[in-house]
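Engineer: Just need the structure, nothing else, for what follows:
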Amino acid sequence: MKPGNKQHTMSNHLYSDSCCYCHHDAYTFGEDASIAPESCRVEENMNTDEQPFPYNYLLNLFTAPNMGAFLAETSFTDDVYALPIHLQRLISEAKEEVILERTKASQGILHRSNQALNRLEDVRKYVWMRSGGDVANLMAILTHIVSDEDELQNLVDH
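Structural biologist: Coordinates of the predicted model:
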């Protein structure tokens, strides 16, 4: 720009229409994100298919070869607390049963009352049956069952 030229232009570049980092007429850096160009809004551009699976603990529990060992050896993750209360309670009770059984076994006391673990195993069998043994389908079935509280309550309480 020549010193005598009073015309002020924005520094445009090849991607100025979609740039979130430069000062443009469409977007002034530092302004409220609600007025940012659509292409700069990350949360709106994310496809829901690209979101991580929200029930990782449940998926790992249901795909573990030995649910009792998995419950005893792992601690709850944050996604467990996002589960419906019926399922949270069942998982907690099953975990307590497994830990209690291991503790009593180490003391030489025989204890075998795994009602919650058996019910959780029944839920796992049902979910695997509905998924046809396919992990991709298992994830979809888990999402469906967790969102349908009536079906979940019937499964957990049977």
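Engineer: just the helices in the protein please.
Structural biologist: Assigned by DSSP state H, the helices in the chain fall at 42-45, 56-63, 67-73, 85-106, 115-131, 135-147, 149-157.
Engineer: Okay, buried residues for the second one please.
Structural biologist: For helix 56-63, a neighbour-count test (16 or more other CB atoms under 10 Å) marks 57-59, 61-62 as buried. (Glycine included, C-beta is placed from N, CA and C.)
Engineer: now swap in the third one and tell me
Structural biologist: Within helix 67-73, the residues scored as buried using 16+ other CB under 10 Å are 67-68, 70-71.
Engineer: coming back round to it: most tightly packed of the helices of the chain?
Structural biologist: Among these, the stretch with the highest mean neighbour count (mean count of other CB atoms under 10 Å) is helix 56-63, at a mean of 18.
Engineer: The buried residues of helix 67-73 into a markdown table, with extra columns for pLDDT and distance to Asp78?
Structural biologist: Output for the buried residues of helix 67-73, formatted as a markdown table (pLDDT from 0 to 100; distance: CB to CB, whole Å):
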| residue | pLDDT | distance to Asp78 |
| --- | --- | --- |
| Met67 | 94 | 20 |
| Gly68 | 93 | 23 |
| Phe70 | 95 | 17 |
| Leu71 | 94 | 17 |
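Engineer: Leaving out the residues flanking it, which one is nearest to Val123?
Structural biologist: Closest residue to Val123 apart from its sequence neighbours, by CB to CB, 6 or more residues apart in numbering: Leu155 at 5.1 Å.
Engineer: Same check on Val156?
Structural biologist: Excluding the flanking residues, the one nearest Val156 by CB to CB, 6+ apart is His86, at 4.6 Å.
Engineer: Low-confidence bits of the protein, can you list those?
Structural biologist: The chain contains residues with pLDDT under 70 at 1-52, 110-112.
Engineer: how about 50 then?
Structural biologist: 1, 6-10, 26-29, 41-46 (pLDDT under 50).
Engineer: how is it carved up into domains?
Structural biologist: 1-51, 52-157 (automatic domain parsing).
Engineer: and Ala72, what is it in contact with?
Structural biologist: Counting by CB atoms under 8 Å, 6 or more residues apart in numbering, Ala72 touches 95, 98-99, 102.
Engineer: Now for Thr74: which residues touch it?
Structural biologist: 57, 60.
Engineer: Would you check how far apart the residue nearest to Val123 and Ala69 are?
Structural biologist: Per CB to CB, to the nearest Å, Leu155 is found 23 Å from Ala69.
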